[in-house]
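Trainee: Fold the following.
(chains A and B, ligands or ions: 2)
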Amino acid sequence: MNTLPDSVDAQNPVIEISHLKKSFGHLEVLKDISFNLLPGENLVVLGKSGSGKSVLIKCIVGLLKADSGIIKVFGQDISDPDNKVLVQLREKIGFLFQSGALFDSMTVRQNLEFPLRKTKKDLTEKEKENKIHEALENVGLPDVIDKMPSELSGGMRKRISLARTLVMSPGIMLYDEPTTGLDPVTSEEISELINGVRKKYNTSSIIITHDIKCAMIIADRMIMLQEGNIYKEGNPELFKNSDDEFIQSFFK
Amino acid sequence: MVRTKKNNLKQVSDDENKDSIFIDIANGFIFIKLIFKETFSLDFEFKEFLYQCYQIGYKTLPLIAVTGSIMGLVLTIQSRPVLAEFGAVTMLPGMVAVSLIREMGPVITALICAGKIGSGIGAEIGSMKVTEQIDAIEVSSTNPIRYLVVTRVLAAATMIPILVLYADALGILGSWAGANIKGEVSLILFLSQAFSHVEFIDFFPAFVKTIFFGFLIGAVGCYKGYHAGNGTASVGVAAHSSVVLASLLIIVVDVIAVQITDMML
Ligand SMILES: Nc1ncnc2c1ncn2[C@@H]1O[C@H](COP(=O)(O)OP(=O)(O)OP(=O)(O)O)[C@@H](O)[C@H]1O
Ligand SMILES: [Mg+2]
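Mentor: Ligands and ions are numbered 1, 2, ... in the order given. Below you'll find the model as predicted:
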């Protein structure tokens, strides 16, 4: 119901970015970024810390306004965040914050309910409750539903905020470092979960990560950012077998 | 540079030289415009509004009770000798009631609320900004101005007048207690003496200005929180600067209100 609009066929990219530019004052974070995200694809974005990965996906949901360039989501231009289009599109975009950004004055249940409040008004309380349980089940934390975020460990918070994103079952997911700070076992589980979500809801995702193991599990395609430009783009094998020193340094 | 036409807050706060006072004033007006725009949007966050009324109004009652009654008590004890000199002790209840209702109740209550509520709002919204919770609200298809700001500003604008009335009432009771220290006065007699001097024109302008005080406290707290920089230090800055600015604006608005009332008389 809330997945892709009718006009999107299997070939059209769900996100098209061309010549995106963003700077803060004199700091040019993104200089000239162009790429597409295809339907059902997992695109991994690699890059050094501070290379502008988080800025890039914040531009996609309109949390930051790009200086120039075109961003199209489901074929709709959102480079100039006109509120109406953007609000509608945001229902279809899940965004996992690098910091988690859980609402710390609310319980886990209220946190998960929050995105449903506006987007799924027609659901009954029971259906909402089911969705919340399902999302918590997915991240393996069904028991913490009535806890406050401050009572959870860092990794649990990360997983709850992933659940809060999944609860809307969005057509596009933007994950900002979903596995950072998690133990290897959980981090592999999360990677599998990302794949699972894609299979179940046919989600197209952009995943930012430093975790190469996770990247190799989920990536269909990778891009690497450096100094505000795309340094390399290709499938995971290409990256793995590259003899470029900079790329290899990520695989060590 | 300020791009006034964009109602997008981040446009303005992203600018480099945002320390300039003129930028700050311009941002302030844009913010107020935005509050009005979102207030009259159809989809009002009623539940959050009620919760904020509870937080802002109910939780401040004890503080206001203490300060209000002490205000009346002290005012009575201190003015009695002066009035006695002129042989006008019978004027005491009326004088205290009028000065409480016209000036002391509204201004002192508002200043206390600026300290308690203004700093609370500033710190809360500031930390939500710093920890990206406001961004998270935005990507959850909820308008953060509507959800966070409008509810708080309206709650403050409705609760502060009520708190002021409460402070006035307890102030008059405190004054009665003060009058009882020297010679017994019945409460009924005291009240009838007090209210025989109070007219509508004493009450109404004071009531209207408290609505403005409430609006200011809420709006300044939200503005400072919303424009907090990055990092925890800016939460502290948001909290204290909202108290300072709100107190200052309360005094300024009070002067203007007094002038206007004076012209009406
Ligand atoms: N709101 C902002 N205001 C000013 N500068 C910013 C802002 N957000 C990001 N930056 C700057 O943009 C650059 C890129 O930041 P970004 O958060 O995108 O890095 P990143 O690639 O996500 O790094 P990490 O892997 O550490 O998360 C940094 O130099 C940062 O200082
Ligand atoms: Mg980042």
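
Trainee: Quick check: residues of chain A near ligand 2?
Mentor: With the criterion set to CB under 5 Å from the ion, chain A comes near ligand 2 through A:Ser54, A:Gln98. In this view, the C-beta of every residue, glycine as well, is placed from N, C-alpha and C.

Trainee: List the neighbours of the longest helix anywhere in chain A that are in contact with it.
Mentor: Of all the segments of type helix in chain A, defined by DSSP state H, the longest one is helix A:184-201. Here helix A:184-201 makes contact (CB atoms under 8 Å, 6 or more residues apart in numbering or on different chains) with A:3, A:40, A:42, A:138-140, A:155, A:159, A:162, A:166, A:169-171, A:173, A:175, A:178-179, A:182, A:203-205, A:207, A:211, A:213-214, A:217-218.

Trainee: Selection in ChimeraX covering whichever of the residues you listed are buried, please.
Mentor: Taking 16 or more other CB atoms under 10 Å in any protein chain shown as the burial criterion, the selection of buried members of the contacts of helix A:184-201 in ChimeraX is written as:
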select /A:40,42,138,139,155,159,162,166,169,170,171,173,175,178,179,182,203,204,205,207,211,214,217,218
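
Trainee: So which of the contacts of helix A:184-201 belong to helices?
Mentor: The helices, defined by DSSP H, take in A:Asn138, A:Gly155, A:Arg159, A:Leu162, A:Leu166, A:Lys213, A:Cys214, A:Ile217, A:Ile218 from these.

Trainee: Go through those and say which is closest to B:Ile251.
Mentor: Closest approach to B:Ile251 among the ones in helices among the contacts of helix A:184-201 (CB to CB): A:Leu162, at 48.9 Å.

Trainee: wait, what's in contact with the closest one?
Mentor: Neighbouring residues of A:Leu162 by CB under 8 Å, 6+ apart: A:Leu96, A:Val139, A:Tyr175, A:Pro178, A:Ile190, A:Leu193.

Trainee: Now with 10 Å, please.
Mentor: A:Leu162 makes contact with A:94, A:96, A:100, A:135, A:138-139, A:141, A:173, A:175, A:178-179, A:190, A:193-194, A:197, according to CB atoms under 10 Å, 6 or more residues apart in numbering or on different chains.

Trainee: Just the closest of those residues to B:Gly118, please.
Mentor: Distances from the contacts of A:Leu162 to B:Gly118 were compared by CB to CB; the smallest belongs to A:Gly100, at 28.6 Å.

Trainee: from what I can see that closest one touches A:Tyr175, true?
Mentor: No: with contacts defined as CB atoms under 10 Å, A:Gly100 does not count as touching A:Tyr175, sitting 12.0 Å away.

Trainee: Where does pLDDT dip in the chain?
Mentor: Picked chain A for this. Across chain A, the ranges flagged by pLDDT under 70 are A:1-10, A:81-83.

Trainee: that answer is for a different chain, and I need it for chain B
Mentor: Within chain B, the stretches with pLDDT under 70 are B:1-19.

Trainee: Got the domain ranges for it?
Mentor: For chain B, the domain assignment from automatic domain parsing gives the residue ranges B:1-40, B:42-264.

Trainee: Among those, show me which one is buried the most.
Mentor: Mean neighbour count (mean count of other CB atoms under 10 Å in any protein chain shown) peaks for domain B:42-264 among the domains of chain B, with a mean of 20.

Trainee: what about that one and ligand 1, touching?
Mentor: No: with CB under 6 Å from any ligand atom as the measure, domain B:42-264 is seen stopping short of ligand 1, the closest distance being 6.8 Å.

Trainee: What is whichever strand or helix holds B:Arg152 packed up against?
Mentor: B:Arg152 belongs to helix B:151-181 when assigned by DSSP states H and E. When contacts are defined as 3 or more CB pairs under 10 Å, 6 or more residues apart in numbering or on different chains; DSSP states H and E, helix B:151-181 packs onto helix B:21-39, helix B:46-56, helix B:61-85, helix B:92-99, helix B:105-113, helix B:119-130, helix B:187-195, helix B:200-226.

Trainee: can you list those in CSV and add distance to B:Gly174?
Mentor: As requested, the helices and strands packed on helix B:151-181 are arranged in CSV below (distance: least, CB to CB, whole Å):
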stretch, distance to B:Gly174
helix B:21-39, 36
helix B:46-56, 23
helix B:61-85, 3
helix B:92-99, 9
helix B:105-113, 11
helix B:119-130, 26
helix B:187-195, 11
helix B:200-226, 18
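
Trainee: From what I see, A:Ala215 and A:Glu177 are in contact.
Mentor: No: taking contacts as CB under 10 Å, A:Ala215 lies outside contact range of A:Glu177: 11.1 Å.

Trainee: Please enumerate the shared neighbours of these two.
Mentor: Listed as contacting both A:Ala215 and A:Glu177 by CB under 10 Å, 6+ apart are A:Ile207, A:Ile208, A:Thr209.

Trainee: Where strands are concerned, which of these count?
Mentor: With strands taken from DSSP state E, the overlap with the shared contacts of A:Ala215 and A:Glu177 comprises A:Ile207, A:Ile208.
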